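Novice: Whatever this is, show me its structure:
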Amino acid sequence: MIGLVDGNNFFVSCERVFDRRLVGRPVAVLSNNDGCCVSRSNEFKALGIPMGTPYFQLKDREASGELFFRSSNYELYGDMSRRIISTLREEAVDVEQYSIDEAFIFPPTTAAADYAAYGRRLRTKILRWVGIPCGIGFAPTKTLAKIANHIGKKMPDGVFLMPDDPTEILSAMPVQEVWGVGRRLPAKLRAVRIITAQQLRDADDDTIRSVGGVTLLRTAMELRGIPCHEERDYDADPDSISCSRSFGEPATTAEALAESLAAYTAQAAAKLRRHGLLAAGCNIYAQVFASGGGGDFLGRTVVFPAPTDATNEMLRAIREEVEALYVAGTRYRKTGIVFFGLEKPGTARQTDLFDTTPPAEKSRLYAAVDALNARYGKGKVFSAAQGLGARPWHMKRQKLSRRPTTRWDELMTVR
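Specialist: Purely as a prediction, here's the structure:
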């Protein structure tokens, strides 16, 4: 049996843990640069406001006190997610984190006597220890567990165990709501008269394969109760590491362009070091504004003299290429960096007879920098290339709440 644990309205729930004034009120968390609604409380949903509604359309209702908004507080959400996963690992044989607010769990054999009771105990523990309400669904496969979780969220106790014969549930579920079906397949499935999850489950294998290949067939097998999803290795090293952001205000100067890329390089390099990897090079890019939205991308590729994880060496290598991205009179909306050629220190490399490049190894300097930032707060030690003054290009988060679980200077106070 597999369980899926999913935090209810996760971003909003995280905000409510530390601001009890938001409980019972219509609250939404906004996307980058406070653009649109990406997480909504049940009270917010009850007002009929769809996901993705732009904030500017709702400003008047906020001013009147009808709605409440918060900027995305990624540090808080990431830490709360870590706490939930830690709690799950104490109670389950294995945990596979699927996203920031979802995780598949493999219950202990002792839970088999009553999975629903086990789920209720687990849900109560998470609520008491972390403060986040969760929905939990149990089923023989991950796809069915997804469906069970969706039902569990609407149950009074937040838990649902998929019955041995889920035909009634699958017959009422549109096929486009099945995990893994995607956006393009429903039209093709309708063409072969597959409208519901039950019809997908019961369809002929050749028909399913002709519409969506082996991937869709695996989904159908999962609906039949046959596990087909391979376990993801969440601890595996990534093939690439990136960092990018849209600007809070359009960037129009070479200095703003260089500062933003230096900041994102530093963030991506810190992530690289957490994985214990070195990068052989990177792609840097900038997106410019265009009439009608969107915009063209300008990019450059940089190969480092030797694989590295040192931010200062990366900044030195990309400096000239950053200048090449700047075009006077252009308004930039976004920049980013992607590291490629990731490898572990000590990996064997092909060199020539006269190569004087020192062997690739981890930077002791930036190991110290990371330790200082971990102890005293993110960004306490940084490169001057990231800018020393105001950063108008920085992502807007005008409604940002405190980060009481990760910053000493933002701890909650009791009066």
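
Novice: make it CA atoms for all contacts and neighbour counts henceforth
Specialist: OK.

Novice: What is the longest helix belonging to the chain packed up against?
Specialist: Secondary structure assigned by DSSP state H gives helix 254-274 as the longest helix of the chain. Applying 3 or more Cα pairs under 8 Å, 6 or more residues apart in numbering; DSSP states H and E, one finds that helix 254-274 makes contact with strand 241-251, helix 311-325, strand 332-340.

Novice: mind redoing it with 10 Å?
Specialist: strand 241-251, strand 279-288, strand 297-308, helix 311-325, strand 332-340, helix 364-376 (3 or more Cα pairs under 10 Å, 6 or more residues apart in numbering; DSSP states H and E).

Novice: Determine which stretch of these is the most buried.
Specialist: With neighbours defined as mean count of other Cα atoms under 10 Å, these peak in mean count at strand 332-340, which reaches a mean of 23.

Novice: quick check: angle from it to strand 241-251?
Specialist: Strand 332-340 and strand 241-251 are oriented at 170 degrees to each other (axes from the mean of the first three to the mean of the last three Cα atoms, to 10 degrees).

Novice: Count the residues that sit near residue 31.
Specialist: By the criterion of other Cα atoms under 10 Å, residue 31 has 20 neighbours.

Novice: wait, it sits on residue 245?
Specialist: No. Residue 31 is not in contact with residue 245 according to Cα atoms under 10 Å; the separation is 11.4 Å.

Novice: quick revisit: show me which positions of the longest helix of the chain end up buried.
Specialist: Going by neighbour count (16 or more other Cα atoms under 10 Å), the buried part of helix 254-274 is 254-273.

Novice: residues in contact with residue 323?
Specialist: By Cα atoms under 10 Å, 6 or more residues apart in numbering, the contact set of residue 323 is 254, 255, 257, 258.

Novice: quick one: the third one and residue 135, what's the gap?
Specialist: Residue 257 sits 43 Å away from residue 135, going by Cα to Cα, to the nearest Å.

Novice: One more: the first one?
Specialist: Residue 254 sits 48 Å away from residue 135 when distances are taken as Cα to Cα.

Novice: Please apply the same query to residue 409.
Specialist: Per Cα to Cα, residue 409 is found 33 Å from residue 135.

Novice: Pretty sure residue 33 sits in a helix.
Specialist: Yes. Under DSSP: H, G, I helix; E, B strand; the rest coil, residue 33 falls within a helix.

Novice: Give me the next element, helix or strand, following the one helix or strand residue 189 maps to.
Specialist: Assigned by DSSP states H and E, residue 189 belongs to helix 185-191. The helix or strand immediately downstream of helix 185-191 is helix 197-202, counting by DSSP H and E.

Novice: where does the stretch 301-415 of the chain dip in pLDDT?
Specialist: 346-361 (pLDDT under 70).

Novice: let's go with 80 and repeat that
Specialist: 346-362, 377-378, 388-396, 414-415 (pLDDT under 80).

Novice: ditto for the stretch 151-300 of the chain
Specialist: For the stretch 151-300 of the chain, the ranges with pLDDT under 80 are 229-239, 289-295.

Novice: List the contacts of the nearest residue in space to residue 201 that is not next to it in sequence.
Specialist: Among residues not flanking residue 201 along the chain, residue 220 sits closest, at 4.8 Å (Cα to Cα, 6 or more residues apart in numbering). Residue 220 sits next to 143, 178, 180-181, 197-205, 208, 214, 226, 228 when contact means Cα under 10 Å, 6+ apart.

Novice: any idea how far residue 220 is from residue 163?
Specialist: Relative to residue 163, residue 220 is positioned 17 Å away (Cα to Cα).

Novice: Then residue 62?
Specialist: Applying Cα to Cα to residue 62 and residue 163 gives a distance of 44 Å.

Novice: do residue 128 as well
Specialist: Using Cα to Cα, residue 128 is found at 29 Å from residue 163.

Novice: Confirm for me that residue 408 is in contact with residue 374.
Specialist: No. When contacts are counted by Cα under 10 Å, residue 408 is not listed as touching residue 374 (11.3 Å).

Novice: Spit out the contact partners of residue 407.
Specialist: Contacts of residue 407 by Cα under 10 Å, 6+ apart are 75, 76, 374, 375, 376, 377, 378.

Novice: For residue 398, give me phi and psi.
Specialist: In this entry, residue 398 is assigned phi and psi values of phi -70, psi -10 (degrees, to the nearest 10).

Novice: That one: what's its closest spatial neighbour, skipping adjacent residues?
Specialist: Nearest residue to residue 398 in three dimensions, chain neighbours excluded: residue 71, at 6.7 Å (Cα to Cα, 6+ apart).

Novice: in which helix or strand would I find residue 126?
Specialist: Residue 126 is located in helix 115-129, with elements delineated by DSSP H and E.

Novice: Give the rounded mean pLDDT of the following helix or strand past that helix.
Specialist: Following helix 115-129 in sequence order, the next helix or strand is strand 134-139 (DSSP H and E). The average pLDDT within strand 134-139 is 96.

Novice: pretty sure residue 39 belongs to a helix, no?
Specialist: No. Residue 39 is assigned strand when assessed by three-state DSSP, not a helix.

Novice: close enough to count as contact, it and residue 49?
Specialist: No. Using Cα under 10 Å, residue 39 is not in contact with residue 49, being 11.2 Å away.

Novice: Those two: which is more packed in?
Specialist: Between residue 39 and residue 49, counted using other Cα under 10 Å, the more crowded position is residue 39 (24 against 12).

Novice: Quick one: the helices in the stretch 51-200 of the chain, in order.
Specialist: Secondary structure of the stretch 51-200 of the chain by DSSP state H, counting those that start in this stretch: the helices cover 59-63, 74-91, 115-129, 142-152, 167-171, 185-191, 197-202.

Novice: For those, could you give me a markdown table that also reports distance to residue 339 and mean neighbour count?
Specialist: Below are the helices of the stretch 51-200 of the chain laid out as a markdown table (distance: least, Cα to Cα, whole Å; neighbours: other Cα atoms under 10 Å):
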| stretch | distance to residue 339 | mean neighbour count |
| --- | --- | --- |
| helix 59-63 | 39 | 12 |
| helix 74-91 | 22 | 18 |
| helix 115-129 | 36 | 18 |
| helix 142-152 | 32 | 25 |
| helix 167-171 | 43 | 16 |
| helix 185-191 | 33 | 15 |
| helix 197-202 | 40 | 22 |
